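In: below are the sequence and a predicted model; questions follow.
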Amino acid sequence: MLSRTADNLYWLARYMERADFLARVIQASRRLASLPKAYGGAESEWESVLLSSGSAQTFNATGRKLTEGNVIDFLAFSPENPSSIRNCIQQARTNARAVRTALTVEMWEAINGGYLEMQSIEQLRGARSGEDLTRFLDFVKQVSLTYDGGAYRTMLRNDAYWFSRVGLFIERADNTARLLDVKYQLLLPEKEVIGGSLDYFQWAAILRAVSAHTAYQWVYRESLKPWLIADLLILRPEMPRSLTSCYESVARYLDRLANAHGRQGPAQRHARAVYGKLENMSVEDLFQSGLHEFIGSFIADNAQLNALLSDQYLF
């Protein structure tokens, strides 16, 4: 496979996963913003969604006021934001067109159909009702799910599939880590007691953003507790969006690439090292070393893996 083809497939998967994540965090923040101020409907939600998406600096550079409408427009539709939903879907389609023969019909139709629908929806920009926005965010999630399901059910298990899966799980791990970090650093005001009503609603919104609220109840059968949520989203291998689950998949697919080509490299070794650390860690270890410090280290490791992959395969 050409390195250019591998690069397009890798970033195609990342852009689709990023669009899905942005739709989810916008929905979670809208739920929090709709609560009475005593229960979390305060000012920090929209700053938190900018930070968790990695777009805070870009947004601040535009000079826009930090309001719900401005943040949603910036994250969903703005051409000025390289990581907006609009740009993610557009970039995904550009990558898909470049490797059209490597995709199945179902995958191409999901991406191309989503892009064409996005063009008509974008015409409503600035004149949307709350119901319009809800339908749009649900549409984005559906496009991502349709693409992902098409890839899983129809792609031949070869280099194209493995690069696509690696991109998806690296992006998913990064998104989960950033979401958790923002919760601990920003969402809980200093005067609020952990376990209070505000804390409960914020954690419930975080779990719903990653479709993990029901999973939490099945696994723990307890009220929401920060250390159990951290355990679920970081260490539980049965949770599809947990860091451990993501890196189990990353290490597996990188090993398949190595076996197919008869050569391992720094990307495989780094992925296995990160997965081994996660697999051997307990929730007590997380909090003893500091959750923020752990997540910061993980995000750096994830970025390093992206760089190693680029050097080893994509250029």
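Out: Received, thanks.
In: and the pLDDT for the residue lying closest to Arg4 once chain neighbours are set aside?
Out: Leaving aside its sequence neighbours, Arg4 sits nearest to Ala98 (C-beta to C-beta, 6 or more residues apart in numbering; 7.7 Å). For every residue, glycine as well, the C-beta is placed using N, CA and C. We have a pLDDT of 95 for Ala98.
In: I'd assumed Asn8 was in contact with Ala98.
Out: Yes: counting by C-beta atoms under 8 Å, Ala98 sits close enough to Asn8 to count as a contact (4.8 Å).
In: neighbours around the nearest residue to Asp311 once chain neighbours are set aside, how many?
Out: Spatial nearest neighbour of Asp311, excluding adjacent residues (C-beta to C-beta, 6+ apart): Pro266 at 7.7 Å. Other residues within reach of Pro266, judged by other C-beta atoms under 10 Å, total 14.
In: also His292?
Out: With other C-beta under 10 Å as criterion, His292 counts 12.
In: equivalent analysis for Tyr247, please.
Out: So Tyr247, with other C-beta under 10 Å, has 27 neighbours.
In: skipping adjacent residues, who's closest to it in space?
Out: That would be Tyr275: by C-beta to C-beta, 6+ apart, it lies 4.1 Å from Tyr247.
In: could you measure from the one you found over to Leu243?
Out: From Tyr275 across to Leu243, the span is 9 Å (C-beta to C-beta, to the nearest Å).
In: those two: who's more crowded?
Out: Of the pair Tyr275 and Leu243, Leu243 is the one with more neighbours under other C-beta under 10 Å, namely 28 against 20.
In: the more buried one against Glu279, yeah?
Out: No: using C-beta under 8 Å, Leu243 is not in contact with Glu279; the gap is 10.5 Å.
In: ok, and the closest non-adjacent residue to Ala260?
Out: Asp159 (6.6 Å).
In: count the neighbours of the one you found for me.
Out: Asp159: 18 neighbours (other C-beta under 10 Å).
In: show me what contacts the residue lying closest to Glu117 once chain neighbours are set aside?
Out: Take Glu117 and drop its neighbours on the chain: the residue closest to it by C-beta to C-beta, 6+ apart is Phe139, 6.7 Å away. Taking C-beta atoms under 8 Å, 6 or more residues apart in numbering, we find Phe139 in contact with 114, 117, 121.
In: please apply the same query to Ser144.
Out: 16-17, 19-20, 23.
In: Ser34: which of those is nearest?
Out: Using C-beta to C-beta, Ala23 is the member of the contacts of Ser144 that lies nearest Ser34, at 16.9 Å.
In: for the closest one, give me phi and psi.
Out: Per-residue torsions, Ala23: phi -60, psi -40 (degrees, to the nearest 10).
In: I figured it hits Val143, correct?
Out: No: the pair Ala23 / Val143 is not scored as a contact, 9.3 Å apart, by C-beta under 8 Å.
In: what's the burial count for the residue nearest to Arg4?
Out: 15.
In: ok, it - contacts?
Out: 4-5, 8.
In: just the CA coordinates of the helix or strand of the chain with the lowest mean pLDDT, formatted as PDB?
Out: Ranking every helix and strand in the chain by mean pLDDT, DSSP states H and E puts helix 197-209 at the bottom, with a mean of 74. Only the C-alpha atoms of helix 197-209 are listed here, as PDB (Å, rounded to 0.1, in the frame of the first residue of the first chain):
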ATOM      1  CA  SER A 197     -25.700  18.000  43.100                       C
ATOM      2  CA  LEU A 198     -23.600  20.000  40.600                       C
ATOM      3  CA  ASP A 199     -21.000  17.300  40.500                       C
ATOM      4  CA  TYR A 200     -23.700  14.700  39.800                       C
ATOM      5  CA  PHE A 201     -25.200  16.500  36.900                       C
ATOM      6  CA  GLN A 202     -21.900  17.200  35.300                       C
ATOM      7  CA  TRP A 203     -20.700  13.600  35.600                       C
ATOM      8  CA  ALA A 204     -24.000  12.400  34.200                       C
ATOM      9  CA  ALA A 205     -23.600  14.700  31.200                       C
ATOM     10  CA  ILE A 206     -20.000  13.400  30.700                       C
ATOM     11  CA  LEU A 207     -21.200   9.800  30.700                       C
ATOM     12  CA  ARG A 208     -24.000  10.500  28.300                       C
ATOM     13  CA  ALA A 209     -21.500  12.300  26.000                       C
END
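In: okay then, goodbye and thanks.
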